[in-house]
Each structure stands twice: as C-alpha cells, then as structure tokens.
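Student: Fold the following for me, if possible:
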Amino acid sequence: MTKAVQAVVLPALLMAGFAQAGTIYQGEDGSTIDVYGRLAFNVTDKASEDVEGRFDARLGLGGSQTVNDWVSVIGWAEYQIGAAEYANNLNDEDELTARYVWAGIDAAHYGTFTGGRVASGLIMFTDIVDVFAASDIAIARQVADVDPTATQVFRQDGTLQYQNSYDYLDVAVAYIIGNNTSDLKTGYNIALRYTFDLGENGKLAPVAIYQYDENESDEEYYVWGIGGRYYIGDLTLGAIYSEDEVKRNNVKSKDEVTEVTAVYDVDDYWVLRLGYRWLDNSGGDDLELSDTTLEAQYRLTLRSSAFASYVFRDGENGTSGGYSGDADDDYFFLGLRYEY
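Tutor: This next block holds a predicted model:
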C-alpha cells in the first residue's frame, strides 16, 4: 500500500481517537500502551434561546500486546462527558458514559477482529460529512428506536467486527449481538470503500454501506447509503445519500438524507469548511432539515484548534421538536479544542 493511499485508508480503520493516541509505553517486543484525551469549551446558542457555555471531555486508554510477528492483542476504552453526541440514549449527557470499549486481535494482513462497543466500519461513510465542530450528523438517526444502545451506527454494544484492506479496497463487516438492555434479536452491517489513485488529478474514494437490525418485538431497522470523497491538492469534497427506515406495527418511518461538504486547507494554520444537509422524514416525526454550515478552524498547535461556525437553518421541526436544536433557528458556535 502506498503512503498516499495509507493517508486515506488508515484513519477510517483506526477511528475513535485511537489513530491519534500517543504512546506512553513501548516494550522491546513492540507492545504499547496508548492514551488519548480531548478537552473542549464552546460558546453557542444552539438548542437554546440564550448563549451558553458548554464543556465536553473524552479520555481513552488502550494499546497492543505482541503475540508473535503476525498477531497482536489490541484493546481500547474511551469515555466521555458533556459531549454533544453522547454514548447512548440511555444516559444523560452530563454523565460519564462509554464511547468505545472493545478488545480484539490484529492479525496483520489477515485483518483485524474486534468485539464490544467498537468503532463501526460504517464510519468510512459517515466520516465523509462529519467534518464540522458545530453540527451533528443526521445519518441513521433512527437506529436507536430498535437498539437503544446505538449511537447512530457509529457505536453499538455487543458488536463483532472484521476489518481489512486489500490494496485499494477497504472492507468492514459486523454481526451485532446487542446486550441485555437492547432486546436485539439480530443485526449486521457491511461497509466497502475503494480508493482510485488518479495521479495528478487527485484521489476518488466511493463508499457503500448497509445495516439491518431486528429486535424481539419484531421491530425492524435498516440503513443504506452511497457516497464518496474526492481529494485534490488542499481541497476535499464529499457527498452522500442515505435512507434509513424503522418499521413497527406495520408503520414505517423513513428518512432520506443528502449532504455535501467542502474542506479547504488554506495553509498550515487555517482550514475553511462549507456544507449543506437536507433531510426529509415520511411516516414518522415529519422532520425536515435544510442546513447550511460555514466554519473556520485555526490550528494553534498540531492537535489544538479554535473554531468559529454559523449554521443557517430553514427546516421544519415536525412532531420531533427539531434535531440538534430548532430546525428553523440559525445558531453560531465558537469553540476551543485541546487534544493530547
């Protein structure tokens, strides 16, 4: 695998802060202990009539132990408090909750096997548009109606996952068992991405995903999506389309979501972001989103940044009371984020 392709492939396979973790111990056999943390303070009028200050934090610890030249035991535990998108719908966002907790085997070119509350391979898809500090993504927002341990499809308890890269093709498949609070009968997902190296014309990385869940009450959920990223120079363009649907008592609630993003690295310090999101629900809460996001990031260090954003909203709350705030109420966001 070339270094250029690794720059695209590896971050999605090692999401959840693990890719950015710092090694605090390394043994002679290559075993490591890694730590990751994030502290952030934001000032915003998002989801509030008044300007508020909000704090969130994340802390992760994990690493690897070498078995032999081909196999390592790996694990990661990450917790958060006050995060905008907290660990699951069973907890209050002011509590310390589990973001990721998993253990597994890294079998080198045979792939990685993990189990627990893993970083889902579907992140290869959601990460295309999850580029803003100011806004949450809306893809797969209904999955918790069938599995309440799920945070969209980023993280679900009791997941067994396999991931690997075959030259330019990245593959992730998972079987979702759930836990004793999820009442999940069956669940599975798959994500595929292929990176086309276009030489001087950049890189194109299309992605396709699918997930299905069913619980003991015979309530069903699915999501599918297609999209991709295009990289050329300092500009990254992204676009996705997805549908997710919950079926219970022969009533179907369906979301259709379209999003486009543009990220431009002006220089070593400034990053500009632009995005548009459209969501339309039918048969459920009738939520409509039409959001345009403008954001600027200033890198203070390699890992710490200041953000300024404004989100123009022109949607309809339906019966849900909105999503991430009033669907028809603009908001601003100023934030400072420190990572280690």
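
Student: so for the helix or strand hosting residue 293, what's the average pLDDT?
Tutor: Using DSSP states H and E, residue 293 falls within strand 288-299. The average pLDDT within strand 288-299 is 97.

Student: Residue 122 is in contact with residue 173, correct?
Tutor: No - the pair residue 173 / residue 122 is not scored as a contact, 10.6 Å apart, by Cβ atoms under 8 Å. Glycine gets a C-beta too; all of them are placed from N, C-alpha and C.

Student: list the residues that contact both of these two?
Tutor: Jointly contacting residue 173 and residue 122 under the rule Cβ atoms under 8 Å, 6 or more residues apart in numbering are 189, 191.

Student: Of those two, which one has the most company?
Tutor: residue 122 (26 against 15; other Cβ atoms under 10 Å).

Student: I'd like the next helix or strand past the strand holding residue 293.
Tutor: Using DSSP H and E, the first helix or strand after strand 288-299 is strand 305-313.

Student: and the helix or strand immediately after that next one in the chain, which strands flank it?
Tutor: For strand 305-313, the following helix or strand on the C-terminal side (DSSP H and E) is strand 331-339. If you go by DSSP bridges, strand 331-339 pairs up with strand 32-44 (antiparallel), strand 305-313 (antiparallel).

Student: quick one: strands adjacent to the next helix or strand after the longest one?
Tutor: So the one you mean is strand 32-44. Of the helices and strands lying after strand 32-44 in sequence (DSSP H and E), the nearest is strand 52-66. Applying DSSP bridges, strand 52-66 is found paired with strand 32-44 (antiparallel), strand 72-81 (antiparallel).

Student: Confirm residue 200 sits in a helix?
Tutor: Yes - judged by DSSP: H, G, I helix; E, B strand; the rest coil, residue 200 forms part of a helix.

Student: That one: neighbouring residues, count only.
Tutor: Per other Cβ under 10 Å, the neighbour tally for residue 200 reads 6.

Student: If the residue nearest to residue 54 when sequence neighbours are not counted is in a bridge, with which residues?
Tutor: Excluding the flanking residues, the one nearest residue 54 by Cβ to Cβ, 6 or more residues apart in numbering is residue 42, at 4.9 Å. In this entry, residue 42 is beta-bridged to residue 54, residue 335, by DSSP bridges.

Student: Okay, now the unreliable bits of the stretch 1-150 of the chain?
Tutor: Low-confidence segments of the stretch 1-150 of the chain (pLDDT under 70): 1-19, 83-94.

Student: Residue 82 is in contact with the residue nearest to residue 54, correct?
Tutor: No - here residue 42 does not reach residue 82: they are 9.8 Å apart, not a contact under Cβ under 8 Å.

Student: got any residues that touch both of those two?
Tutor: 54-56.

Student: Now, of those, which are buried?
Tutor: In these, burial by neighbour count holds for 54, 56, counting by 16 or more other Cβ atoms under 10 Å.

Student: could you dump the shared contacts of residue 42 and residue 82 to CSV with distance to residue 113?
Tutor: Shown next, in CSV, are these (distance: Cβ to Cβ, whole Å):
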residue, distance to residue 113
54, 37
55, 36
56, 31
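
Student: Looking at the shared contacts of residue 42 and residue 82, spot the one nearest residue 330.
Tutor: residue 54 (17.8 Å; Cβ to Cβ).

Student: what's near enough to touch that closest one?
Tutor: Here residue 54 is in contact with 41-44, 82, 84 (criterion: Cβ under 8 Å, 6+ apart).
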